[in-house]
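Enquirer: coords please:
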Amino acid sequence: MTTSRAVVIGSGIGGLTAAAALHRSGWQVTVLERAASLEPVGAGISLAPNSQRALDVIELGDEVRSLAAWQGDGGMRTPSGRWLARTDSAAAAERFGGPLVLLHRSALVDLLRARLPEGAVRTGTPARLVDPGRAGGSPALVRTAAGDIEAELVVGADGIGSAVRTELFPSHPGPSYSGFTTWRVLAPGLGRAFSSHETWGRGALWGSHPLKNGGIYAYAAAAVPAGARAADDEKAELLRRYGDWHDPIPAIIDAVEPDHVLRHDVYQLADPLPSFHRGRTVLVGDSAHAMVPFLGQGGNQAIEDAVVLAHHVTPDGDLGAGVAAYSAARHPRTTAMVRKAAQVSRMTGLSAAPAVALRNALMSAVSRLGPGLVLRTFDGICDWQPPRRTYAAGTREGQTTRP
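Expert: Got it, this is the predicted structure:
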């Protein structure tokens with residue numbers, strides 16, 4: 001029997017999930033990563049019910065939930081600490097079939113890698129797509145320093161600056177700067193409980209969320225020119241921008257080591273690609289549909305991509321039909337997600353005092369009218385179901401309860 005080989009270029013969350021899902025479907029999978037190790041770029045990752053259901057398909061959802069912090073009640077605040085909107089975690093879990101959970105990216109990377117055979121992931125291996133192949137004919141060709149690799153399927157998971165995407169669609173304009181830079185930190189616990197919150201200021205935001213191990217994952221964003229950096233260090237920059245915001249934000253910043261602050265400008269694929277495939281090559285995650293982080297769906301959509309891809313592209317199936325079905329399933333959904341995230345970013349980026357006051361008043365009014373109105377904005381996002389239904393252990397119809 002001929003072995004069907006899949007090569008995944010890139011070992012981010014989308015690439016590793018695709019590799020795990022394809023391996024589970026019977027593909028012989030090789031992951032090529034240019035970095036010397038699988039140290040993930042980032043701090044924490046929020047997984048909504050939609051991506052957890054995707055992970056349930058590859059029997060990873062329960063392990064993720066066991067390691068993760070389950071987000072409790074919280075809401076949105078102003079820099080002074082005034083609550084604009086409250087969130088009801090029980091109502092959200094009931095509406096969407098499960099909770100929002102948060103864990104360190106490295107924990108998810110470790111779980112995904114453990115689903116792959118020994119030697120399947122090759123770090124320190126830059127790779128270039130030479131030929132995307134033809135679905136009904138010649139295989140795809142990937143070039144590495146150690147030699148060329150032929151594959152029945154290539155998955156481009158090489159991120160926002162994807163060289164695979166450029167090879168497939170050379171006339172596409174590529175990513176554009178969103179207008180925002182972000183900071184992400186992991187801080188030790190402060191010895192006291194606090195509610196998860198996201199705080200919106202004038203052209204800036206801050207989010208704080210407790211982790212299961214007692215630590216804190218926090219992130220910030222500000223509307224600044226591309227390429228701007230702190231004259232001293234990024235911790236000092238955070239203190240300048242957020243040090244007078246409400247408790248516990250200053251204490252979290254104080255607890256962070258200066259060299260542990262991650263800062264990245266945010267780019268997006270504002271212009272959608274014509275397709276997510278060409279020949280025997282497909283794109284997943286940021287390579288296909290990079291979005292601003294204000295919906296918290298970037299990694300979630302990459303996980304969805306991976307599971308949908310493995311559903312449609314089987315080793316013994318019609319590859320041409322499979323990759324076309326994958327594009328047809330993912331392109332409209334992720335294009336809408338990119339646009340919706342951009343809409344939220346425009347609200348976040350408001351800086352004029354009258355506009356900010358109006359935004360805050362509207363948020364407060366919607367919250368008072370009922371939490372259902374707030375949750376409704378995530379209809380069609382968090383209630384997504386994978387093409388092959390599956391349920392977490394000990395649950396029925398996708399309902400997940402806290403252990």
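Enquirer: from here on, contacts and neighbour counts on C-alpha atoms
Expert: Fine.
Enquirer: wait, S4 sits on V313?
Expert: No. Counting by C-alpha atoms under 8 Å, V313 is not a contact partner of S4; they are 10.9 Å apart.
Enquirer: which one of the two has more residues nearby?
Expert: Higher neighbour count among S4 and V313: V313, with 22 against 15, using other C-alpha atoms under 10 Å.
Enquirer: Spatially nearest residue to that one, not counting backbone neighbours?
Expert: G322 (4.7 Å; C-alpha to C-alpha, 6 or more residues apart in numbering).
Enquirer: for F96, same thing?
Expert: Per C-alpha to C-alpha, 6+ apart, closest to F96 is D383, 5.0 Å.
Enquirer: Relative to K212, how far out is L67?
Expert: Using C-alpha to C-alpha, to the nearest Å, one obtains 7 Å as the distance from L67 to K212.
Enquirer: which neighbours do these two share?
Expert: Residues touching both L67 and K212 by C-alpha atoms under 8 Å, 6 or more residues apart in numbering: L103.
Enquirer: distance between stretch 63-81 and the chain's centre?
Expert: Relative to its chain's centre, stretch 63-81 lies at 16 Å (C-alpha atoms, centre = their mean, to the nearest Å).
Enquirer: Now tell me what touches it from outside.
Expert: Outside stretch 63-81, the residues touching it (C-alpha under 8 Å, 6+ apart) are 83-89, 99-103, 107-108, 195-201, 209-212, 244-247, 402.
Enquirer: How about stretch 119-139?
Expert: Contacts for stretch 119-139 (C-alpha under 8 Å, 6+ apart): 9, 29-38, 113, 140-145, 150-154, 163-164, 167-168, 278-281, 319-320.
Enquirer: Narrow the residues you listed to those in helices?
Expert: R113, A163, V164, E167, L168, L319, G320 (DSSP state H).
Enquirer: Count the residues that sit near the first one.
Expert: Meaning R113. With other C-alpha under 10 Å as criterion, R113 counts 18.
Enquirer: Could you do the third one as well?
Expert: The criterion is other C-alpha under 10 Å. On that basis, V164 has 26 neighbouring residues.
Enquirer: before we move on, back to that, mind giving me the PyMOL command for buried ones among the contacts of stretch 63-81?
Expert: Buried residues among those (16 or more other C-alpha atoms under 10 Å), as a PyMOL selection:
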select buried, resi 83+84+85+86+87+88+89+99+100+101+102+103+108+196+197+198+199+200+201+209+210+211+212+245+246
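Enquirer: Which ones among the contacts of stretch 63-81 map onto strands?
Expert: Among these, DSSP state E puts 83-87, 101-103, 196-200, 209-210 in strands.
Enquirer: In the protein, where is pLDDT below threshold?
Expert: Residues of the chain meeting the criterion pLDDT under 70: 1-2, 40-42, 370-371, 389-403.
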